[in-house]
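S.K.: The sequence and its predicted three-dimensional model are supplied below.
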Amino acid sequence: MIKSHLARVTWVLRGLHAFVLAFFLMTGLLTVGVAIGAFAASSAWADEYSDALAGLAAPAFNDKVAAIDALARLGDERATPVLEAMSDNRLYTRKEDGRLVIGGTGRDIALTDAATGEALGTATSRDLTRINVNNALRTALGGAIGRLQINNADPAKRLAAAETMARDRTPEAMALLRDALAREKVEDVRAAMALTYAKMSLTSTDPAERLAAVKEVSGRLSSEVRALVAPLAATNPDGSFAEPDPQVRAAATGLIARIDQRLMMTELALNLFQGVSLGSVLLLAAIGLAITFGVMGVINMAHGEMIMLGAYTTVVVQQLFREWIPAEFFGLYLVISIPAAFLVAGAVGVLMERGIIRFLYGRPLETLLATWGISLMLQQLVRAIFGAPNKEVSNPGWMTGAFEAMPGMVLTYNRIAIIIFALAVLAGLAALLRYTPFGLQMRAVTQNRNMASAMGIRTGWVDALTFGLGSGIAGVAGVALSQIGNVSPNLGQGYIVDSFMVVVFGGVGSLWGVLAGAMTLGIFNKFLEPYAGAMLGKILILVFIILFIQKRPRGLFALKGRAAEA
Amino acid sequence: MGTFKGGIKAVALGCAVAVSALMAGVAQAAEPIKIGVLHSLSGTMAISETTLKDTIMMMVDDLNKKGGLLGRPVEAVVVDPASNWPLFAEKARELIEKDKVSAVFGCWTSVSRKSVLPVFEETNGLLFYPVQYEGEESSRNVFYTGAAPNQQAIPAVEYLMGAEGGDVKRWVLAGTDYVYPRTTNKILEAFLMSKGVAKDDIMINYTPFGHSDWQTIVADIKKFASAGKKTAVVSTINGDANVPFYKELANQGIKATDIPVVAFSVGEEELAGIDTSNLVGHLAAWNYFMSVDTPENTAFIKQWHAFTKNDKRVTNDPMEAHYIGFKMWTQAVLQAGTTEVNAVRQAMYGQKVRSPSGYDVVMNTNHHLSKPVMIGEIQSDGQFSIVSQTEDAIKGAAWSPYIPESAKLTADWTFPWVCGNCTEPKYTAYAK
């Protein structure tokens, strides 16, 4: 066999790839190391490898797919970094000699030869032609990398490979996985491989294997598994069963019923989480207004702009961090932004109160118009300073991504952070009102101004500081809201209507009313949205609030007693 | 009869030229030619439209450096309709009747275009509209330099249906709730059904302008996609609602290799506010990308950076459309020898411009351009890598063949049709 092969070397070079492949599969020489001793074979091997590598740079999509497939089948570990580079858009051909190179990141691209791994100095993007990949190629690359790494020495890589291989249901992949599974010693890698293998063998021709596969996947009640098992429980158009074996069918039907039950539960839990999350956003937006409107009775149309100022403060702090602070502390910019936003928005609030609003107490219509004017001026001011386009706020690392609490229930970190933050702000504010002298004075002034004044409280300054506090808290809300939405000059307008809605619904003047109002509206909205859609959902909420206010004009938690009459 | 009419036209045209030449001579040799710029510089649309105003200013500046038009300088009259749709109509009337502008470059949303349309038709003005839109319209007074659905939406969906796009079988059509997404989705739904996609495999979802809480919708998309068939999202979400949408996609771990999102209103400018490292592979369909590698584009970007004195500014498709529209208008005025609307309109047909995308773009008699279609994937640097592009320019169709009532209509503003929405030529009798 080897002799005949030697004679054909030249032919092999011209592309009898299939023959060589069959030869190697047959003899089981799956690593280059074992191939020593057969010079011709190794050179043919090398050629096939470099042919396949060169194929990656082919202009046509189908040729690229074929080359990736060939590399995966060759099983040469050297291909892994090349395929990874290609997937990350870092694979180039050099313009001067057409050599396939892997590029580093940065302005001056450090090059290494894709075939040999030899360092080739640096180049700029002008000297290189990038090899374009698209989603389909990226999927193929993922599958190929998975196949190449399923026998990797690093268990983490094997685990990742086992997971990516789930999408690749070719017989070759199955055979590879079966061997890897037989050798695997690390428990969780083994489990992942077994699960992937089971997913693949759901379509096996052997009923016993299918049954085992159904049993294996039944440990994971996810919608992905449901989609995989569904064909086994389906009926054909003529009423017969798609699955001939009754035992497999029964197992599949039982599993689907269990998954459906679980999915219903997760959906309910997910809706609840999303509702609480929306509620916490509403809560953050409305807390400041609960002070300025709820406690002081000022119809503050510029409340949204205080939120916007807080968000822009975050942008500025972020920019300062980028320029002055080492990158590893970048995530801390949010922590600094919170007091900064409080001070900026609070100061603007105090200025507003001293400069304009105090002359308008007791004249709600004028207050409304004046604060609306201020809101327009603030928007234009910000537009003049920062420009009309949206500002980019990047989430710190710990706020991006999500964790899967159970299959199908994905909780994103930024939402969780905002829920906690909103509750913390509310608790802090409640403590301030309840336990500090300033809180006492504030309550005294709102409940009976004349008496408070007679007791020596400087009511004017208490008014200013109260308004400043409400505005400052709105600014703090802006820091949080900049993490989930847009930072633009008209950011505030999106929240002003919602804020008033929450305060009026919850009960003017009551912090707990704001909490209850925000959460009720949030959860109600999220349970309505899947049925009514986002658009109609919003309208229904508004209708509900109008009807509710008809019945209870003072909201959920109405203040009772003399304070309410004042 | 035809020659008689043509004769009158020629005489009228000659008079117009003579009068304008006379006026120019009498008043002052350098009486400026005025053009109107009708883009929102404040309000929600300012984000996108401000750049377009700057593009026209750049083109005017460039033209004046070359010596102006017909020996006269060109002056841009800039007004701010403030993202307020009725104000668009008022400002348009002001431009045409008070400032006597020769042409107007403006509008972004279809609502604003629909609002100014009656004004332009009544006063016989000329509007150059640079944004991709839903089609189903062809006015004698508007030149549409953006893409019609057959130059953007349909090719994008066809790409995803093919092997290169991933053989998509299940579709989510998500859009903002107004005329452009609704009409586009109607066309797309009809198109998908004609390709044998079952109704159960299409999910349609609308959200209000500026929608910010995408948790439910993204979770719904995930659920819809878990049915075992390859799923893609076709997004006609407009404006800054895209930022939280893409953030939510990234946070919930939806990768482009699992569920690709193809967007029709997201370009380089919109991505400038997002960290795109988690969005690599999601798609957009346009007729131009900043990453197009042609000498024309390099020159265009260089000119833009020099004009704005900022080499970080990105270029995008509607800017290219304005570039083409302005060049065509210049050429048409030179050809007609006048800025008079009827003469310029006639000269526009067949006008050819070498566009930054590297194609010869031609104006057709249905007032739409023949442009190439490109599909790009988002890169980590906020640019697009072009993964598919048509060989030739595709002619924009005003009326979609996939909607039964519009399939019957033809737009052609030359003889014998002379009509934007007719089932048969207006002057059949004369054609015999």
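M.R.: Cool, got the structure. Residues are numbered from 1 along each chain as shown, chains lettered A, B, ... in the order given.
S.K.: so what's A:Thr10 scoring on pLDDT?
M.R.: Per-residue pLDDT puts A:Thr10 at 46.
S.K.: actually B:Lys53, sorry about that
M.R.: 96.
S.K.: I'd like to know how far it sits from B:Val77.
M.R.: Relative to B:Val77, B:Lys53 is positioned 11 Å away (CB to CB, to the nearest Å). For every residue, glycine as well, the C-beta is placed using N, CA and C.
S.K.: and chain B, what are its domains?
M.R.: B:29-150+B:292-431, B:153-263 (automatic domain parsing).
S.K.: burial of A:Ile526, as a residue count?
M.R.: For residue A:526 the amino acid is Lys, not Ile. Applying other CB atoms under 10 Å in any protein chain shown, we find 23 residues neighbouring A:Lys526.
S.K.: Please apply the same query to the one 5 residues further on.
M.R.: The criterion is other CB under 10 Å. On that basis, A:Tyr531 has 9 neighbouring residues.
S.K.: just to revisit the earlier point, wait, which of the domains of chain B is closest to A:Gly397?
M.R.: Ranking the domains of chain B by proximity to A:Gly397 (CB to CB) places domain B:153-263 first, at 12.5 Å.
S.K.: Quick one: mean pLDDT for the closest one?
M.R.: Mean predicted lDDT for domain B:153-263 stands at 91.
S.K.: Would you map the helices across the stretch 151-300 of chain B?
M.R.: B:153-161, B:179-194, B:215-225, B:242-251, B:268-271, B:295-308 (DSSP state H, counting those that start in this stretch).
S.K.: list the buried ones in the second one?
M.R.: For helix B:179-194, the neighbour count (16 or more other CB atoms under 10 Å in any protein chain shown) marks B:180-192 as buried.
S.K.: Redo the residues you listed as JSON lines? Include distance to chain A.
M.R.: Listed next are the buried residues of helix B:179-194 as JSON lines, based on distance: CB to the nearest CB, whole Å:
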{"residue": "B:Tyr180", "distance to chain A": "16"}
{"residue": "B:Pro181", "distance to chain A": "12"}
{"residue": "B:Arg182", "distance to chain A": "12"}
{"residue": "B:Thr183", "distance to chain A": "17"}
{"residue": "B:Thr184", "distance to chain A": "17"}
{"residue": "B:Asn185", "distance to chain A": "14"}
{"residue": "B:Lys186", "distance to chain A": "17"}
{"residue": "B:Ile187", "distance to chain A": "21"}
{"residue": "B:Leu188", "distance to chain A": "18"}
{"residue": "B:Glu189", "distance to chain A": "16"}
{"residue": "B:Ala190", "distance to chain A": "21"}
{"residue": "B:Phe191", "distance to chain A": "21"}
{"residue": "B:Leu192", "distance to chain A": "19"}
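S.K.: Can you convert the residues you listed into CSV and add a column each for distance to A:Ala144?
M.R.: Shown next, in CSV, are the buried residues of helix B:179-194 (distance: CB to CB, whole Å):
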residue, distance to A:Ala144
B:Tyr180, 41
B:Pro181, 38
B:Arg182, 42
B:Thr183, 42
B:Thr184, 37
B:Asn185, 37
B:Lys186, 41
B:Ile187, 38
B:Leu188, 34
B:Glu189, 37
B:Ala190, 39
B:Phe191, 34
B:Leu192, 32
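S.K.: what's the most distant pair in those?
M.R.: The widest separation within the buried residues of helix B:179-194 (CB to CB) is 18.2 Å, between B:Tyr180 and B:Leu192.
S.K.: The helix or strand hosting A:Arg249 close to chain B?
M.R.: A:Arg249 belongs to helix A:246-289 when assigned by DSSP states H and E. Yes: judged by CB under 8 Å from any CB of the partner chain, helix A:246-289 comes into contact with chain B through A:267, A:270-271, A:274, A:277-278, A:281.
S.K.: And these, which of them are buried?
M.R.: A:270-271, A:274, A:277-278, A:281.
S.K.: Redo the residues you listed as JSON lines? Include pLDDT and distance to B:Val233.
M.R.: What follows is those, written out as JSON lines (pLDDT from 0 to 100; distance: CB to CB, whole Å):
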{"residue": "A:Leu270", "pLDDT": "90", "distance to B:Val233": "19"}
{"residue": "A:Asn271", "pLDDT": "90", "distance to B:Val233": "21"}
{"residue": "A:Gln274", "pLDDT": "92", "distance to B:Val233": "19"}
{"residue": "A:Ser277", "pLDDT": "93", "distance to B:Val233": "22"}
{"residue": "A:Leu278", "pLDDT": "92", "distance to B:Val233": "22"}
{"residue": "A:Val281", "pLDDT": "92", "distance to B:Val233": "24"}
